[in-house]
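>>> Okay, here's the prediction I keep looking at, along with the sequence it came from:
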Amino acid sequence: MLEVLPIQNKQEQEALCARCNIPFRTELLAYKALVDGDLRGVCQFTMDANGGRIVDFAHIPNGYEFEPMFVMGRAALNFIDLCGVHRAFFDAPCENETLILAIGFSKNSDGRYEMNLTDFFKEPCKHSKS
């Protein structure tokens with residue numbers, strides 16, 4: 001079973017970040033993706049007046065799976081949107097552009113992955129980039 005859950009304490013966040021080879025950033029919020037209880041990835045993110053930012057987005061070494069990473073990215077964006085922040089950026093190191101685009105980001109004129117979250121989660125299956 002696929003689960004994406006908020007990481008509830010900083011000690012767990014630090015340990016899971018280490019497993020995914022990303023720096024632990026105490027000031028960031030984080031989600032974990034699990035399949036049948038086994039870690040698949042971690043997402044660390046933040047938000048402020050300029051928008052939400054996915055800062056770290058990583059899978060466990062030699063354990064990439066598209067679906068857990070996709071759902072985790074969307075979960076972080078949904079949380080950002082529910083907090084009233086309707087602009088998001090993907091600033092994490094990630095070589096998988098197909099995944100970034102599938103989550104819903106596109107490159108802006110500055111070459112930065114950006115996304116407008118306004119109404120995105122009202123009908124996400126009907127969402128189209130226009």
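Everything's here; your move.

>>> if I pick M115, what's in contact with it?
M115 makes contact with 77, 87-90, 103-106, according to Cβ atoms under 8 Å, 6 or more residues apart in numbering. Quick note: C-beta positions are derived from backbone N, CA and C, even for glycine.

>>> how close does it sit to V85?
Distance, M115 to V85, by Cβ to Cβ, to the nearest Å: 11 Å.

>>> repeat for L29
As defined by Cβ to Cβ, L29 lies at a distance of 12 Å from V85.

>>> Compute the distance from the centre of the longest helix seen in the chain to the centre of its chain.
Ranked by residue count, the top helix of the chain under DSSP state H comes out as helix 66-82. Mean-position distance between helix 66-82 and its chain equals 5 Å (Cα atoms, centre = their mean, to the nearest Å).

>>> Listing partners with orientation, what would you give for the helix or strand following it?
From helix 66-82 onward toward the C-terminus, using DSSP states H and E, the following helix or strand is strand 87-90. If you go by DSSP bridges, strand 87-90 pairs up with strand 51-59 (parallel), strand 113-116 (antiparallel).

>>> out of the ones you listed, nearest to F24?
When these are compared by Cβ to Cβ, strand 51-59 sits nearest F24, at 9.0 Å.

>>> so how far is the closest one off the chain centroid?
Taking Cα atoms, centre = their mean, one finds the center of strand 51-59 at 5 Å from the center of the full chain.
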